[in-house]
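A.B. asks: How does the following fold in three dimensions:
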Amino acid sequence: MARQKAKVRYALLAALDLAEHYGGDRPVKLQGIAARTQVPSNYLVHILLSLKRRALVNSARGSKGGYWLLKPPASTTVAEIVVAVDPRTEKGRSAAGSDPVARVLREAENRRWRYLADVTLADLLRERDS
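C.D. replies: Sure thing, here's the model as predicted:
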């Protein structure tokens, strides 16, 4: 569980770095993202690949290559990033049953996902900069 939390945190840090550079004239280098976020580059490659598979980022190879967000930061949600790197967390995997404990756990999970789906990378940038 702790490893998954770290993976999600690293993915959000990387996505936030890409959001900060959104609309720039060139892709963002992996080494730059790693240096700014303190995420090990060998781990970051796998995270960015997961984001690419979900069509959240794209990449180009070569000396002028790197990574960039495909959608504007205001249109990219935290929930999308979380699911991209940890699909097991996708909504709908909460407690089964009709007893009160199961119902409250399901509702907590539903509220969590609604919140994550409402928060965008642009929101995180504004919060970070305030």
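
A.B. asks: Which stretches in the chain count as strands?
C.D. replies: 57-60, 66-69 (DSSP state E).

A.B. asks: Tabulate those strands in JSON lines, adding columns for mean neighbour count, mean pLDDT and distance to R126.
C.D. replies: Backbone N, C-alpha and C define where each C-beta goes, glycine included. Shown next, in JSON lines, are these (neighbours: other C-beta atoms under 10 Å; pLDDT from 0 to 100; distance: least, C-beta to C-beta, whole Å):
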{"stretch": "strand 57-60", "mean neighbour count": "16", "mean pLDDT": "97", "distance to R126": "21"}
{"stretch": "strand 66-69", "mean neighbour count": "21", "mean pLDDT": "97", "distance to R126": "16"}
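
A.B. asks: From the centroid of this structure, which residue is nearest?
C.D. replies: Computing the C-alpha centroid of the chain and ranking residues by C-alpha atoms, centre = their mean puts I81 first, at 2.7 Å.

A.B. asks: for the protein, which spans come out with low pLDDT?
C.D. replies: 1-4, 90-95 (pLDDT under 70).

A.B. asks: which residue lies farthest from the center of it?
C.D. replies: Within the chain, D99 marks the point farthest from the mean C-alpha position, 33.3 Å out by C-alpha atoms, centre = their mean.

A.B. asks: I'd like to know how far that one sits from L105.
C.D. replies: 10 Å (C-beta to C-beta, to the nearest Å).

A.B. asks: and R26, what does it touch?
C.D. replies: K64, G66 (C-beta atoms under 8 Å, 6 or more residues apart in numbering).

A.B. asks: Over to the residue farthest from the centre of the chain: give its phi and psi.
C.D. replies: Phi and psi for D99, reported as degrees, to the nearest 10, are phi -70, psi 160.

A.B. asks: Surely the residue nearest to the centre of the chain touches A11?
C.D. replies: Yes - I81 lies in contact with A11 (C-beta atoms under 8 Å); the separation is 5.3 Å.

A.B. asks: list the residues that contact both of those two?
C.D. replies: By the contact definition C-beta under 8 Å, 6+ apart, I81 and A11 are jointly contacted by L51.
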